[in-house]
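**Student:** give me the fold of what follows.
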Amino acid sequence: MEKNLISVIVPCYNTEKFLSDCVKSLDAQTYKNFEVIFVDDGSTDGTLNLLNALCNGKENYKIFHKENGGVSSARNFGIAHANGEFVQFLDSDDMLAPNYLETMINSIGENDICICKFHSCKENSHSNKSQKAKKEKIYTDNTSILCQFLSSKIFKLGMANKFYRHEIIKKMPNYPNAFNSEISYGEDSFFITNYLMFCDSAKWLNFKGYYYRSRKGSSVHSSFSDKKLSIFKMHESNLKTFENNEEVLNYAKAFYCYSCVEMLFRIYANKYDNAEKITEIYQNMVKYAPAYKKAKLCPWYIRRLIPLSTPIIKMLLHKRMK
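**Tutor:** As a prediction, this is how the structure comes out:
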């Protein structure tokens, strides 16, 4: 690993429409000691050709092409080719503020991870202005770090607004395959949880330097499918991992309950009719509801979601349940 070098890993799949904005935001970075690892994951549009054109003549921009294997596979490929002391993940339809890399590397200090806020911008947005870090907070024990992440209150669940140390990623199971390719929805939370297991300190910045593009067709906003239920593999792993840490386990159960509610409402909005699976998800929601109400996931009025949702979901889905 090269000291102070940042490896920016960018998985690409059919994002020709947004790729230019992403690359321009990297070109504009005020911190220059970085490499970009573009991993084209079997795109079927003009993504690869555009990448070649945009990166022509830029020695620190590296392009790899592989057969389609999903975002986890692409990120693992990028990790295997990363040379930096630090790692930043960037989705190819998102952007970074010009001072993002400079702010994050100057802020991380001796901490194991640096986390910022992010802008949620519209699909047709091209703006990515520099931002100032207004305040910060440091967490110095592993339990509080894990609880803070699982609560999603400050750290948030997305992975791209986080600045990682490569040496810690190397400690994760199955490195460089740190992402579980069997999880196609919630794979980012699985990665972050495993990463945070090795963290003794984390810094949070009130700095909106990552520009997340909310658009139709992205994995988060795509229609429901069985693949989304793979998120429960992550939750089952969390329950097993934290079975001897009561405080963290309660947050893991609460997070599990939250995902059950999300999936059940998604199921209702679609024609999914696997009665056994729907019933299992509903039963787990009820099972972990006490943990959700106990955990400080969000304000009290949101915590009322579970007791309000339970009868509504049962009414909406009872014909599709066992």
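**Student:** chain center to stretch 111-122: distance?
**Tutor:** 11 Å (CA atoms, centre = their mean, to the nearest Å).
**Student:** stretch 167-181 now?
**Tutor:** Distance of stretch 167-181 from the chain centroid (CA atoms, centre = their mean) equals 15 Å.
**Student:** first to last residue in that stretch, what's the distance?
**Tutor:** End-to-end distance for stretch 167-181, by CA to CA, to the nearest Å: 21 Å.
**Student:** what is the mean pLDDT for that stretch?
**Tutor:** The average of the pLDDT scores along stretch 167-181 is 95.
**Student:** mind listing what's buried along it?
**Tutor:** Ile168, Ile169, Met172, Pro176, Asn177, Ala178, Phe179, Asn180 (16 or more other CB atoms under 10 Å). Heads up, the C-betas are built off the backbone N, CA and C, glycines and all.
**Student:** so who does the fourth one touch?
**Tutor:** Taking CB atoms under 8 Å, 6 or more residues apart in numbering as the criterion, Pro176 is in contact with Asn76, Ile79, Ala80, Ile169.
**Student:** swap the cut-off to 7 Å and go again
**Tutor:** Contact analysis of Pro176 by CB atoms under 7 Å, 6 or more residues apart in numbering lists Asn76, Ile79, Ala80.
**Student:** A helix includes it, no?
**Tutor:** No: per DSSP: H, G, I helix; E, B strand; the rest coil, Pro176 lies outside any helix segment and is coil.
**Student:** and Cys199, which of the three is it?
**Tutor:** Going by three-state DSSP: Cys199 is coil.
**Student:** from what I can see it touches Leu146, true?
**Tutor:** No: counting by CB atoms under 7 Å, Cys199 sits too far from Leu146 to count as a contact (8.5 Å).
**Student:** do you have the strands of the protein handy? List them.
**Tutor:** Per DSSP state E, the chain carries strands over the ranges 2-12, 34-41, 61-66, 84-89, 95-96, 113-121, 136-139, 162-165, 202-213.
**Student:** any stretches of this protein with poor pLDDT?
**Tutor:** Across the chain, the ranges flagged by pLDDT under 70 are 121-129, 215-223, 296-308.
**Student:** the longest helix in it is where?
**Tutor:** Longest helix of the chain, by residue count under DSSP state H: helix 246-268.
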